[in-house]
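In: using only what follows, build the 3D model:
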Amino acid sequence: MRAMSLTIGPAFTIPGYDAECGATLHAADSIVAHPALWSHYLSGVMGTERESEAAFEVSAAGYDAMFAVLTDPERWPVVSVPLGGDAWLRIVFRNFEEDAGLDFVEERPGRPAKVVASIEGHGFESAMTWAELLAAAALPDGRLTGAQRLVLMLPMLGQQELPDDAGAVLDKALAGTGAGNREALAAAMLDGLDWCTR
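Out: Next comes the predicted model:
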């Protein structure tokens, strides 16, 4: 299979969000087409390294190439999720050398950007209900599928009791990202959410 390019897009700014340390933000929406992105994302964010590795067919070289993109201390990749109107959720891979994390930044016209959820190397902050996640994933989007949107925003879930069909919903969303072995991965993700949201 031909290797996909991992070239990320141009630098841009998020008004009110400062990358600091001389780093620049770079549009990286194209990386969602790579299985390696999902493998990394779910491994690091949800703590499902073993299950993610089994779910996505990624070569060692592809995995390492994606790792280099996602952890670049000078060019922080940003995946943008439209929220309707001119609003955006910017998922920023915040690559401080000793304190990397993931920021979920809400950008709305006429307002300074707001970090609405963060995953830190030393902790976790979140702010979304299950119903809000499903509603946000279902918004019209000409760039991302509903499945991709749901999985990207999943780490934003706050502490709550999930419904009985949560596993089935995750299984369907994972299918939309190209994952195999989805039952084991969905179960591990639910366990990861339980850990993250305590």
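In: residues of the helix or strand where residue 80 lies that come out buried?
Out: Assigning secondary structure by DSSP states H and E places residue 80 in strand 75-84. Of the residues in strand 75-84, 75, 76, 77, 78, 79, 80, 81, 82, 83 count as buried by neighbour count, 16 or more other Cβ atoms under 10 Å. Just so you know, the C-beta spots here come from the backbone N, C-alpha and C atoms, and that holds for glycine as well.
In: and the spatially most central residue of the chain, what element?
Out: A centroid search over the chain (Cα atoms, centre = their mean) returns residue 152, at 3.7 Å, as the residue closest to the centre. Applying DSSP H and E as the criterion places residue 152 in helix 146-153.
In: that helix - contacts with which helices or strands?
Out: helix 35-46, strand 75-84, helix 130-137, helix 166-175 (3 or more Cβ pairs under 8 Å, 6 or more residues apart in numbering; DSSP states H and E).
In: mind running it again at 6 Å?
Out: The contact analysis (3 or more Cβ pairs under 6 Å, 6 or more residues apart in numbering; DSSP states H and E) places helix 146-153 against helix 130-137, helix 166-175.
In: how close does the nearest residue to residue 162 once chain neighbours are set aside get to residue 48?
Out: Spatial nearest neighbour of residue 162, chain neighbours left out: residue 130 (5.7 Å); criterion: Cβ to Cβ, 6 or more residues apart in numbering. Going from residue 130 to residue 48 by Cβ to Cβ, to the nearest Å gives 19 Å.
In: likewise residue 139?
Out: For residue 139, the distance to residue 48 (Cβ to Cβ) stands at 26 Å.
In: which one's more surrounded, these two?
Out: More crowded of residue 139 and residue 48, by other Cβ atoms under 10 Å: residue 48, with 24 against 14.
In: just for the chain, where's the confidence low?
Out: Judged against pLDDT under 70, the low-scoring parts of the chain cover residues 1-5, 20-22, 121-127, 194-198.
In: could you check how many residues crowd around residue 134?
Out: Applying other Cβ under 10 Å, I find that residue 134 has 15 neighbouring residues.
In: quick one, the helix or strand harbouring residue 189 and helix 130-137 angle?
Out: Following DSSP H and E, one finds residue 189 within helix 182-196. Here helix 182-196 runs at an angle of 120 degrees relative to helix 130-137 (axes from the mean of the first three to the mean of the last three Cα atoms, to 10 degrees).
In: just want the angle from helix 182-196 to helix 166-175.
Out: 120 degrees.
In: list the contacts of helix 182-196.
Out: 46, 47, 48, 51, 55, 124, 157, 167, 170, 171, 174, 179 (Cβ atoms under 6 Å, 6 or more residues apart in numbering).
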